[in-house]
Each structure stands twice: as structure tokens, then as C-alpha cells.
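Asker: Need a 3D model of the sequence below.
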Amino acid sequence: MNIYVLLKRTFDTEEKITVSNGAINEDGAEFIINPYDEYAVEEAIQIRDAKGGEITVVSVGNDESEKQLRTALAMGADKAVLINIEDDVENGDQFTTAKILAEYLQDKEADIILAGNVAIDGGSGQVGPRVADLLGIPYVTTITKLDIDGEKATIVRDVEGDSEVIETSLPILVTAQQGLNEPRYPSLPGIMKAKKKPLEELELDDLDLDEDDVEAKTKTTEIFLPPTKEAGKVLEGDLGDQVKELVQLLHTEAKVV
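Answerer: Residues are numbered from 1 along each chain as shown. Reported below is the predicted structural model:
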């Protein structure tokens, strides 16, 4: 089975993030595999181990993305591809990433492509569906269970607190939701083996693309942190007085009534 995983390098949101001049300050920031992509990597490993085949993890990024690809290799993926756009694309968006990935994947004859449901830095959830649309294959998002039997896939997906079951045929693209599996930690032998596994690096020219082909369709004007929360207010006195004061505060300060 020919399996591909779309992987993104993201900020570690468990660490402190600072914003400077309307952009996230990368100096001193910690980067990780996008957590939802870890579910995709783990699911790919389980499919490969059960059905056979090969797993390729693919990332669009810069030289620094190699670390996250090596982590995926240490988890158990077979090979990795870094499409380095650092020197070619100044400002990209979800269209940029999807266009590049689809161009790379168009002749790879993938049986299944897995991606994270969303990236924790942007949260748009667009890249996976966009790639599937460009490739002309079906896709199912927010999956929590995946069973493959021959050329048929049975999928359970999360839908606003409930779930639905979908049957479809391969090839297919799916995006992983929390609860699909429990991603493994790279073992020491896995880390050592990852150093020798193939990691191919490509640029736009290798895909017969230029900067105009992948020009962003959107523009980020500013990034800012949410305002600091003010301390809460404790109401005192009789219950009736508290209710009157609460109504007044909701009207005059919160302006919600």
C-alpha cells in the first residue's frame, strides 16, 4: 500500500509565544510536529504494519523542517520529502501549500493520504481538502476510526459531538482528529534508524512550478495576542441585591443585556 502523510512544522503552543511587529517572534520559540499530524503518522504506521506497503511523510517548509521529518521517521515512517520553499516563496497561505503538495503527489499513485485535521498555529483545516480537490480524489475530514478492506475504506468521523460512518473506495485523503489513536514516542532504536532513512529535498523548480503558480490568495495583515483578562468581580450583600447589581453590570459594563 502506497501511503503518504502531510506533515507541518508548528509552534509548540505549550511554550510561551511572543508577538513582535504584528508577527510571531521565532527567536527562541520551540517547534514540533503539528499534533494532529502525529495522529496521521501513527495511523499510517498502523495501516502499513497491518496491510504492508510504504509510508512517505511530506512537508512544505524550510531547512528547519528536517527535524520534524526526522521525528516522523523515528516514529516509523519509511522515507521523507522536504519541499523547501524558503528561497522561492516570501508569503504563502493554505492555497500555496496545497498547490505544491498536489503537484508533488499527482503522479505518485497514492492509495491513501493522511493529514492532520487542522494545524494548531492557523487552524483553518483547508490544506487536506484542497489537496484532495486538486488531485480529484474523495476526502473525509475529522476521522476517529479507519478500517481498510481491499479497495474499500470504512470511516467514522466526528460531527459536532456525534459521529457518522462513511464507506468509500481508495484512493482517498483523510484528516485525523483527536481520538483516532495514541501516537507513539520515537524509541532510541527508531531515532538511530531515522538518521539513515532517505530524506529527499526538492524545490519549486523540481515540480515545474514558479512563484506565480503558488502565489497566496490571502494576506495576513496582523497577528496579535488576546487582551489580558481582567480580575473578576465578587458581588456582596443579599441575594436580591446581588441580582440587581449583576443585571446592572451586564447592562452598563458587559453591555450584553
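Asker: Skip the chain neighbours and tell me the closest residue to Pro129.
Answerer: The shortest distance from Pro129 to any non-neighbouring residue, by CB to CB, 6 or more residues apart in numbering, is to Tyr139 (5.5 Å). In this view, the C-beta of every residue, glycine as well, is placed from N, C-alpha and C.
Asker: in the chain, which spans are strands?
Answerer: For the chain, the strands defined by DSSP state E cover 2-6, 9-11, 19-20, 23-24, 31-33, 54-61, 79-84, 112-116, 139-149, 152-159, 162-169, 172-176, 199-202.
Asker: Select from these the stretch with the lowest mean pLDDT.
Answerer: Least confident of those, judged by mean pLDDT, is strand 23-24 with a mean of 69.
Asker: What are the structural domain limits within this structure?
Answerer: The chain breaks down into these domains under automatic domain parsing: 2-214, 227-257.
Asker: tell me the mean pLDDT over the last one?
Answerer: The average pLDDT within domain 227-257 is 84.
Asker: Can you give me the end-to-end span of that domain?
Answerer: This stretch, domain 227-257, spans 23 Å end to end (CA to CA, to the nearest Å).
Asker: please begin residue numbering at 43 from this point
Answerer: Got it, the first residue is 43 from now on, which makes the last one we talked about domain 269-299.
Asker: starting at the chain centroid, how far to that domain?
Answerer: Here domain 269-299 is found 40 Å from its chain centre; the criterion is CA atoms, centre = their mean, to the nearest Å.
Asker: Report the buried residues of it.
Answerer: When burial is assessed from 16 or more other CB atoms under 10 Å, domain 269-299 yields no buried residues.
Asker: Report the residue spans of the stretch 43-192 of the chain with pLDDT below the cut-off.
Answerer: Residues of the stretch 43-192 of the chain meeting the criterion pLDDT under 70: 63-65.
Asker: Which parts of it are helices?
Answerer: In the stretch 43-192 of the chain, the helices defined using DSSP state H, counting those that start in this stretch lie at 77-93, 108-117, 136-147, 169-177.
Asker: Mean neighbour count and distance to Glu278 for these - can I get that in CSV?
Answerer: Output for those, formatted as CSV (neighbours: other CB atoms under 10 Å; distance: least, CB to CB, whole Å):
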stretch, mean neighbour count, distance to Glu278
helix 77-93, 21, 44
helix 108-117, 22, 53
helix 136-147, 22, 51
helix 169-177, 21, 52
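Asker: So which of the strands of the chain is nearest Phe266?
Answerer: Set against Phe266 and scored by CB to CB, these come closest in strand 61-62, at 6.1 Å.
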